[in-house]
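1. model the structure of this input:
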Amino acid sequence: MISLAHFFYLLSPGVKDGRWTVLQLVEALGFCLENTDPRTRGRGIQLLSQVLLQCYSLLKEKEVLHLVLFYESRLQDHHLVIPSVLQGLRALSMCEVLSPGLAVSVLKAIFQEVHVQSLMQLDRHTVYSIITNFMNTREEELKGLGADFTFGFIQVMDGEKDPRNLLVAFQIVRDLIAKDYALGPFVEELFEVTSCYFPVDFTPPPNDPHGIQREDLILSLRAILASTPQFAEFLLPLLIEKLDSELQSAKLDSLQTLTACCAIYGQKELQEFLPSLWSSLRREVFQTASEKIETECLAALRALSACLSRSVLSSDSEDLLESFLSSILQDCRHHLCEPDMKLVWPSAKLLQAAAGASLRTYHRITRSVLPLLLEQYTKHTQSSQRRTILEMLLGFLELQQKWEHVEEGEDGWSLGRHLFCSVVFSALTDPSVQLQLVGIKALTVLGSLQGLCSCCTSSPGFAVLNHLFTLFPPGSEAAMEAAGSLAPTYPKVFSGRMVPRLEEELQSGRESFDSQRSFRQRCLQALAAVSTHTSIVRETVPVLLQHLQKVQKGNGSAADMVSACQSLHRVALQCQQDVEGCWYFHQTVVPCLLAMAVQAAMQEPCPSLVTLLEEEVLAAMIPVISAATTHLSPELAAQSVSHVVPLFLDGEVSFLPQNSFPCSFQPFGAQRRLVALLMAFVCSLPRNVAIPQQEWLLRELLALSCSCNCPFTATTAAKCFAGLVNKHPAGKGARADAGGPSRPCGGAPPNAGVTKALVLRYHPLSSCLTDRLLGLLSDMELGPAAADGFSLLMAESPDVLHKGCHADVRIMFRQRFFTDNVPKLVQGFHGAGPDVKANYLKALSHVLNHLPKPVLVTELPTLLSLLLEALSCSDRVVQLSTLSCLHPLLLEAPQIMSLHVDTLVTKFLNLTSSPTMAVRIAALRCAHALTNLPTTVLLPYKGRVIRALAKPLDDKKRLVRKEAVAARGEWFLLGSPGR
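-> Numbers count the residues shown, from 1 in each chain. Alright, predicted model coming up:
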């Protein structure tokens, strides 16, 4: 006998291509459909339903009519048949040629004949799918049923427990409400059938293939409960009840649902429940120890106040907002005056939450509270108490920024702005640093408010802004940040008054010698901080350059020059988004720095000028020139490059200020140290800017990087060469980018910079240079440097080869490098002699350590044995790099790592006694991460590890002891109940 499955595969294609009609199929299945055995009938209907699910779009209207009638009649059949009948009706519910009235007929039949909740989960899901299909395609017909459709669905859903079905059922309820289906007298029943799941208590099973999370059910149910004001009389008592419970999750869910409901509720829905809601919210904020619950309470209070603010009042209705705010003030205001200040912050948070709801609530609250807070500030004398009160005032002040665009009335600030200014001034001059910091924050916000800043800027000396420059405690950035945020608002004030004052302080020598340097450094930082507007930049940049020149001429220290360059760098970064300011900075600063450097290089024997050529100073000038160049437009960059490159190739100094130099400039000869500044400029240009005489420049850089005995000069020349190669136009310059230093220059691995430049852009020659680097791993002398070169290839470049300098960096270049070269590394390791195996392990460790972790996890099984062998290598760099690579893998791939737990435990414990502190710390972190492996695998090692970790507890380094305590504590808890 032919099986039904085989019968299906024979018939389904025939129906699809038109050789069979569905009615002919029904006739062919007659022996099954009319059989007295319910199982046989069920298999026949199942076969027919499977064919319909494949071919429902090909059915004709008459065929659909007959099939619907047939399936409706079968809903009264044996319960074994019902699941197959429902599958057939699901297929028919997706037909576009369904005749009017059939959707209603099908649903009535289901509602009347099928006890849905007695069905299996999949069959119940089928019923929900039928309803969903009809609601999407036959909305008007279903609305014609009126409230009967709602009642029928309530019967279908009542008692549903499976989360897969609940998500579909919740969506149907949302559509019932959103699409205005008639609820009739069944509003409460619909609420009850959904609210019985509130709050959601669901924990997904491990390895759940459906991926349904508790949060999915919470959000879906909340969308129902907060979808209509008709639920308010039933929902609000439920929320109040859950708020009074001890279950934290129930409280959070209730508060978030209340906040969502306030978006659609009005005064009528809330009126009866406002006192109870306020009582619950106040209690939670005053008593809770949970920050999450407090945050949600404040959000709910803000939402309630906003809801009442939106309500339109009739002439004879009560103003609920006024009475609600009066209750809040009555219960919170007196706490602000308590001597112990125990409930000051909870009360202030409640008041600020209500004030932040609307302009009206803001005015009502601040009129009552701000005069009281200002009075309390003057009454209290302790700095800690004043700081608390000022922080509360600051909270209210920040709220006003929301309503600044609205015409204000008589609020608390309008009545006490001058008193508040005096409060801020007293905080700024207070000996307490913490109170000063709060005062600076308040002053920053105050200056940004147009309505309040007038009282501060009315004095002839602009006292409020002058205070910024008397409050630069060592190590504090708060005052400078405040100055930077206020400068764009008051550029004329800063340019005309503040910058000259700072310049005067910078030039004065009234400080003692010991404190003078730190004072000058703070002045330089302040000048940079206020340079947030183009007009101010035009004033501060000459001051900074003048100071740098003064330090150079006065035989100043390298530290003073570095401080000036750091301030210039900050100004450059702040100018980058402003075209005018960026170009001004570039054409002012870059020529000046180059002129100073050229002058120092030409007079190097003179001891008063040699400081500028120190590596520390040149390294500080590099980011200044780079930041001044990266954001130039191609047109302006081309204009600048036409001057700078001839300076280094031809010694053309005519564009430099004060260009009367004693001799000719030889950048690749006697003054070759300045190639660092060339690197900073040309490697920061956009890729579409042509560099004049580029081939000549490349040859000079290549020769310098290979022949110079100065490591700093050779390294910067090699970096410059690599940066140009990376941006070199494709197909031009034949083999200009195929070379590179043939030997290590200044400790750098051979070819590593050029190789990286080509690897980043997927250049065909990159594989050739990479193979050359791989070959050097077997060299006894050059092998260690070549292995370090792999770290350079994979790591982010800090100065030249990164996107900030417009380098050509292709996406996923690390993954491509891994795929192309790690097999070669593994092969080379297995074929290498014992003296050079460590080089391969070091190179492999560097590659894996910089590889994205998801990629590494997929390749872990094949490489883990080599990583474990690398832990036995005596090279500390290899050990540290390997430990850094293994640590995240212990967290992300515990199942794979558990296969090697014996080796891992032994290696990690041995390395906790390493003479290198960084290795000891990394090993202890890995030992800590081992506790993420399955407990059953670790328990045999528990005693051994705890004993071994006792020794690092007495380590002489505090950081090592800290990691040992954390790791040993986790191992002690291993296997404990509830862990």
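
2. tell me the secondary structure at Thr489.
-> What DSSP: H, G, I helix; E, B strand; the rest coil gives for Thr489 is coil.

3. got phi/psi on it?
-> phi -80, psi -30 (degrees, to the nearest 10).

4. name the residues that touch stretch 111-124?
-> 75-76, 79, 82-83, 86, 110, 127, 152, 155-156, 158-160, 162, 164-165 (C-beta atoms under 8 Å, 6 or more residues apart in numbering). C-beta coordinates here come from the backbone N, C-alpha and C atoms, glycine included.

5. buried subset of those residues as a PyMOL selection?
-> Remark: buried members of those, expressed as a PyMOL selection using 16 or more other C-beta atoms under 10 Å:
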select buried, resi 75+82+83+86+110+127+152+155+156+160+165
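
6. give me the subset of the contacts of stretch 111-124 lying in strands.
-> Among those, none falls in strands (DSSP state E).

7. below-threshold pLDDT in the stretch 801-950 of the chain: ranges please.
-> Along the stretch 801-950 of the chain, segments meeting pLDDT under 70 are nowhere present.

8. mind listing the strands for the chain?
-> Using DSSP E, strands in the chain do not occur.

9. worst-scoring helix or strand of it, pLDDT-wise?
-> The weakest-scoring helix or strand in the chain, judged by mean pLDDT, DSSP states H and E, is helix 463-466 (a mean of 48).

10. check what pLDDT Ser458 gets.
-> Looking at Ser458, its pLDDT stands at 45.

11. Cys706: neighbour count?
-> Applying other C-beta atoms under 10 Å, we find 18 residues neighbouring Cys706.

12. ok, back up a step: just the ones in helices from the contacts of stretch 111-124, please.
-> With helices taken from DSSP state H, the overlap with the contacts of stretch 111-124 comprises Ile82, Pro83, Leu86, Ile110, Val127, Gly152, Gln155, Val156, Arg164, Asn165.

13. list the contacts for the second one?
-> Counting by C-beta under 8 Å, 6+ apart, Pro83 touches Gly42, Leu119, Met120, Leu122, Asp123, Thr126.

14. select only the buried ones of those in PyMOL?
-> Command for PyMOL that selects the buried part of those, burial taken from 16+ other C-beta under 10 Å:
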select buried, resi 42+119+123+126
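
15. among the contacts of Pro83, which one has the lowest pLDDT?
-> Lowest pLDDT among the contacts of Pro83: Gly42, 80.

16. distance check, that one against Val85.
-> 9 Å (C-beta to C-beta, to the nearest Å).

17. quick one on the thing from earlier: can you list the ones in helices among the contacts of stretch 111-124 in TSV and add distance to Cys805 and pLDDT?
-> Below are the ones in helices among the contacts of stretch 111-124 laid out as TSV (distance: C-beta to C-beta, whole Å; pLDDT from 0 to 100):
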residue	distance to Cys805	pLDDT
Ile82	70	89
Pro83	66	90
Leu86	65	91
Ile110	67	91
Val127	62	93
Gly152	68	93
Gln155	69	92
Val156	64	91
Arg164	52	91
Asn165	56	92
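
18. most widely separated two among those residues?
-> Distances among these were taken as C-beta to C-beta; the most separated pair is Gly152 and Arg164, at 21.5 Å.

19. Cys805: what's it in contact with?
-> Contact analysis of Cys805 by C-beta under 8 Å, 6+ apart lists Ser626, Thr630, Cys683, Ser684, Gly723, Asp799.

20. and if we set it to 10 Å?
-> Cys805 makes contacts with 626, 629-630, 680, 682-687, 723, 726-727, 797, 799, as judged by C-beta atoms under 10 Å, 6 or more residues apart in numbering.

21. and Arg687, by the same measure?
-> Pro634, Asn726, Lys727, His728, Pro729, Cys805, His806, Ala807, Asp808.

22. most neighbours, which of the residues you listed?
-> Asn726 (27 neighbours).

23. list the residues that contact the closest residue to that residue other than its chain neighbours.
-> Using C-beta to C-beta, 6 or more residues apart in numbering and skipping residues adjacent in sequence, the residue nearest Asn726 is Ala757, 3.8 Å away. Contact partners of Ala757, counting by C-beta under 10 Å, 6+ apart, are 719, 721-728, 737, 740, 763, 766, 769, 797, 800-801, 807-808.

24. among the residues you listed, name the ones in helices.
-> Per DSSP H, these map to helices at Lys719, Phe721, Ala722, Gly723, Leu724, Val725, Asn726, Lys727, Ser766, Leu769.

25. with adjacent residues omitted, what lies nearest to the second one?
-> Think Phe721. Nearest non-adjacent residue to Phe721 (C-beta to C-beta, 6+ apart): Leu701, at 4.2 Å.

26. next: the fifth one.
-> The shortest distance from Leu724 to any residue other than its chain neighbours is 6.0 Å, reached at Leu698 (C-beta to C-beta, 6+ apart).

27. these two touch, right, the one you found and His728?
-> Yes - Leu698 lies in contact with His728 (C-beta atoms under 10 Å); the separation is 8.1 Å.

28. now do the residue nearest to Arg968 when sequence neighbours are not counted against Phe668, distance only.
-> Excluding the flanking residues, the one nearest Arg968 by C-beta to C-beta, 6+ apart is Leu949, at 4.2 Å. Distance, Leu949 to Phe668, using C-beta to C-beta: 58 Å.

29. got the confidence number for Leu142?
-> 91.

30. residue contacts, it?
-> Leu142 makes contact with 103-104, 107, 131, 134-135, 148-150, 152-153, 176, 179, 181-182, according to C-beta under 10 Å, 6+ apart.

31. filter those residues down to the buried ones, PyMOL style.
-> Selecting the buried subset of those in PyMOL, with 16+ other C-beta under 10 Å as the burial test, is done by:
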select buried, resi 103+104+107+131+134+135+148+149+150+152+153+176+181
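
32. show only the entries of the contacts of Leu142 found in helices.
-> Among the contacts of Leu142, DSSP H puts Ala103, Val104, Leu107, Ile131, Phe134, Met135, Asp148, Phe149, Thr150, Gly152, Phe153, Leu176 in helices.

33. let me have these in CSV, adding distance to Pro500 as columns.
-> As requested, the ones in helices among the contacts of Leu142 are exported to CSV (distance: C-beta to C-beta, whole Å):
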residue, distance to Pro500
Ala103, 82
Val104, 85
Leu107, 83
Ile131, 77
Phe134, 79
Met135, 73
Asp148, 84
Phe149, 79
Thr150, 77
Gly152, 82
Phe153, 77
Leu176, 71
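
34. so which of the residues you listed comes closest to Pro861?
-> Within these, the smallest distance to Pro861 is 48.3 Å, found for Ile131 (C-beta to C-beta).

35. hmm, the closest one is touching Leu86, no?
-> No - with contact defined as C-beta under 10 Å, Ile131 does not reach Leu86; the gap is 11.3 Å.

36. circling back to that earlier point, and which of the ones in helices among the contacts of Leu142 is nearest Cys196?
-> Phe153 (15.1 Å).

37. thought the closest one was touching Glu160?
-> No - using C-beta under 10 Å, Phe153 is not in contact with Glu160; the gap is 11.1 Å.

38. what's the overlap in contacts for those two?
-> Residues touching both Phe153 and Glu160 (C-beta under 10 Å, 6+ apart) are Val116, Tyr128, Ala169, Val193.

39. tell me which two in those residues are the farthest apart.
-> Based on C-beta to C-beta, the longest span within the shared contacts of Phe153 and Glu160 runs between Tyr128 and Val193 and measures 13.5 Å.

40. which one of these two has more residues nearby?
-> The residue with more neighbours, out of Tyr128 and Val193, is Tyr128; 23 against 20, by other C-beta under 10 Å.

41. so what's the more buried one up against?
-> Contact analysis of Tyr128 by C-beta under 10 Å, 6+ apart lists 90, 116, 153, 156-157, 160, 164-169, 171-172.

42. can you list the weak-confidence ranges in the stretch 101-250 of the chain?
-> Scanning the stretch 101-250 of the chain for pLDDT under 70 picks out 206-207.

43. show me what contacts the residue nearest the centre of the chain?
-> With distances taken as C-alpha atoms, centre = their mean, the residue of the chain nearest its centroid is Pro852 (17.2 Å). Counting by C-beta under 10 Å, 6+ apart, Pro852 touches Met812, Arg814, Gln815, Phe818.
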